[in-house]
Every structure is written in structure tokens, then in C-alpha cells.
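# Have a look at this fold, sequence not included:
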């Protein structure tokens, strides 16, 4: 079961480096203290870089300090008089694992509240306003043609807003995992650049004595002192790692752009497999917490469509599948081309959908989640998107065994409604 979200948690800026005090805030400190006391069997304290003790008691005597890191940055220390290195390492790894989970929880919980719960009541107000508008226009008889045209424009505008809201809700749910995927390469890029700066200082020192006209023996001595052979070799490794990290971030951003602009009206001739691959890449950090993502793509002909709409539809289904799985499940995304149609299947082995709920899953604002945990628009929006492509969505579900969504979409070369 997922932990309950604390509504009083502060919003976190992903550019901000979390302090040890922030990382410990969601954790049960009494339980952590008991666990570390049993593990170390000695006085200890968890302290900040400036020495402030946040857990335990400052021990007296010859203290061993073991650094605690989060996202490759030192955020604090375990201080103890214990000299058993294995126990200290075990305690450090336990605390770092807890801090890592706490950071993910803080990011996910605050973004979840901001992107979904805070907007839920506004969405319902817009929906109610739309229903009232429809009733009012139906009661009017004068200037019927003009009134209908105005009504259509209002509905389209509201529908666009609902699409945007659902897109933001989905991105909000993914944001914590995506941010972590970006923070990892950025962390080692930052570390590599810091090391590279020190190498440049060493090289500059050698160049300065060369310019001063020092003798060859002095220059050779300085080259040995600075270990110039290692610096030149490691410099190349640092640069290559940094380039690979930058390419990784670029790839994540590219995948996000694949479905970020849901209002984009341009039709494109694309390979649906490429669209699905991008969506799976972006959603994988969120899905991998509960399930293994399996891709079975068949060769498909290019088709004209709105890639952002197809990506949003499959993303909604992937997130729903992940929510239906408690732990260690599988989600399989498959594509097949037959009878001039593309079939996209999203299958999971989760809890399944109850028979009494199944007929209502495409209704706007219908959701089985708690208030604030979902908009109830995901499948409704997905149904409208696929329908606009001349396709349809079917679902097969067995309670306790899983669910399979099938998207049937005709090959198009001339566009769609």
C-alpha cells in the first residue's frame, strides 16, 4: 500500500538540493533510531554537514564519521565511537536507502497534490458550467443556427481545457520519476566538471613553469607530481561520461515533447511504434516501481495521425495499469497490423475491473479512486481521441487476473475528423 500523502508538505523545487532535515521529515525517526541502535550497538548520531545532531546523541571519545550522500552530494554524517567498519557501512547504506526513498516520496507527493488534487474542484466546476450551458442553449428557439454554432464553440473550448487538464495530470504523475531520471545524469555531469576543473588547474601549473623556463628535470618532476598521464587519460573518460549523460537528458526531453503539446493540430505521417516507444520511455520510471514493462512491436506501415493524441491515450492506459498492480506485475504493450488496421494492446496482470464498473469506465469524471487522486477523465479523453481518428477502444477484464485494452485504428493517408 502506498503511503498517505501529507497535504502539509512544502512544494519542492527540483533544482533545490534537499537538506538532511528535509529528507528525514517524512520518516518515523523513533523506528529509525531503534533500528540503528540495534545495528550499531553503540552511541551514535546523524548530523548535518555543519555538525547539528538530528537523530541520536553526540558520542564522546574517538568518533568515526561516515558521510551520508543523496544524489551524489554529502548531506550529513553518521557519527559513532564504533570501530566495526562493516556495521558502520551497513548503517550508512540503510540510512542512504531510506533518504533516497524519502526524496522520491517528497517529490511525488507534492507534485501529485499540485497537478491533480488542487485542480480537481475547478475541473468539476467547469464541467457543471458546461452542462448548464448545454441546457440553456437547448431551451432557446430563436436564432437556432447561431445559437448552435456558439454552443459548439463553447463545447470545443471546454473539451480542449479538459484535454489540457488530463495531460497535466498525467505529466504531474510522471514528473517525480522523470525528474529523478534527469537528476541522475546531471549529478555525475556536475561531479565530472568539478574534477575537470581541478585537472585544468594542474595542467595550468605545469604550463606556468614551462613558460618560466624551468629546466627539464624540474618539469619532469612536476609532471610526475601531478600524475599528468593519469590526468590526460581520465580527462577523456570524464568528457565521454558527461557527453553520454547530456545525451541521456536530451533523449528524455525528446520523448516528453512527443506528447506534451496535446493542443497541436498538425497531422503527421509517423510510425506508431516510434510514438509508443517514446511514451514507454517517459513512463518507465513510474511503472518500474510496480511492474516490468514489456514491448512486443510488429512492423507497422506509416500512418497519418496526431501523435500527441495517440501518445496521451497509451500513457493513460499505462498509468491505469500501473495503479491496478500491487507489486511485481507485468505490463505488455503490443502492436499488430492486419486488415488495414493497427491494433495497439496494453495488457496487465493487475487486479482487474469489477463487472459493475466496466460499463462506466469511459464516462467523464467517473473514477474509483479517492477524491483528489484522479480526475476521472483519462479513459474518457482517450476514447474521444481514438474516435476522432476513426478508431475504437475495447476492453477485456477479469477481476483478479488483469485487464487488456485494445485500440483499433485504421491506416490513414488523407487525415481524419
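In hand now; what should we look at? Computed from a prediction, not measured in an experiment: that's the story for all the values here.
# who's in contact with the helix or strand hosting residue 78?
Here residue 78, judged by DSSP states H and E, is contained in strand 73-80. Under the contact criterion Cβ atoms under 8 Å, 6 or more residues apart in numbering, strand 73-80 has outside partners 17-20, 23, 36, 40, 42-49, 53-54, 58-59, 63-69, 88, 91-92, 95, 99, 187. For glycine as for every other residue, the C-beta is placed from the backbone atoms N, C-alpha and C.
# Okay, and which of those map to helices?
20, 23, 36, 40, 88, 91, 92, 95, 99, 187 (DSSP state H).
# Export the residues you listed to CSV and append columns for neighbour count, distance to residue 395 and pLDDT.
Listed next are the ones in helices among the contacts of strand 73-80 as CSV, based on neighbours: other Cβ atoms under 10 Å; distance: Cβ to Cβ, whole Å; pLDDT from 0 to 100:
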residue, neighbour count, distance to residue 395, pLDDT
20, 22, 47, 83
23, 24, 41, 84
36, 22, 48, 85
40, 19, 53, 84
88, 20, 53, 85
91, 23, 49, 82
92, 16, 48, 86
95, 24, 45, 85
99, 23, 41, 84
187, 16, 41, 77
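# Report the two of these separated the most.
40 and 187 (28.5 Å; Cβ to Cβ).
# Go through the ones in helices among the contacts of strand 73-80 and say which is closest to residue 130.
Residue 130 lies nearest to residue 23 out of these, by Cβ to Cβ, at 43.6 Å.
# Report the separation between that closest one and residue 50.
According to Cβ to Cβ, to the nearest Å, residue 23 stands 16 Å off from residue 50.
# ok, now residue 411?
64 Å.
# if you count what's nearby, which of these two comes out ahead?
Neighbours per residue (other Cβ atoms under 10 Å) separate residue 411 from residue 50, with residue 411 holding more: 17 against 6.
# ok, now which ones touch the more buried one?
Taking Cβ under 8 Å, 6+ apart, we find residue 411 in contact with 301, 303, 337, 340, 341, 342.
# Which of those residues are buried, as a PyMOL select command?
Here is the PyMOL command that selects only those of those that count as buried (16 or more other Cβ atoms under 10 Å):
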select buried, resi 303+342
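# Which of the contacts of residue 411 fall within strands?
Taking DSSP state E as the definition of strands, the contacts of residue 411 contribute 303, 337, 341, 342.
# Got the confidence number for the second one?
Read it as residue 337. Looking at residue 337, its pLDDT is 92.
# Which residue comes closest to it once chain neighbours are left out?
residue 300 (5.1 Å; Cβ to Cβ, 6 or more residues apart in numbering).
# so who does that neighbour touch?
Residue 300 neighbours (Cβ under 8 Å, 6+ apart): 271, 272, 273, 335, 337, 342.
# And for residue 230?
For residue 230, the contact set (Cβ under 8 Å, 6+ apart) is empty.
# and it, how far is that from residue 402?
For residue 230, the distance to residue 402 - Cβ to Cβ - is 54 Å.
# How about residue 360?
From residue 360 to residue 402 the distance is 19 Å (Cβ to Cβ).
# what about those two, which has more around it?
Set side by side, residue 360 and residue 402 show more neighbours around residue 402, with 22 against 13, by other Cβ under 10 Å.
# per-residue pLDDT, that one?
So residue 402 comes in at 88 (pLDDT).
# Likewise for the one 5 residues further on?
Note for residue 407: predicted pLDDT of 91.
# Secondary structure element holding the nearest residue to it once chain neighbours are set aside?
Nearest non-adjacent residue to residue 407, counting by Cβ to Cβ, 6+ apart: residue 344, 4.1 Å away. Assigned by DSSP H and E, residue 344 belongs to strand 341-348.
# For that strand, enumerate the helices and strands it packs against.
With contacts taken as 3 or more Cβ pairs under 8 Å, 6 or more residues apart in numbering; DSSP states H and E, strand 341-348 sits against helix 272-287, helix 307-323, strand 329-338, strand 402-410.
# after that strand, next one along is what?
Where DSSP H and E defines the elements, the next helix or strand beyond strand 341-348 is helix 378-388.
# how far does that following helix sit from the chain's center?
In terms of Cα atoms, centre = their mean, to the nearest Å, the centre of helix 378-388 is found 23 Å from the chain centre.
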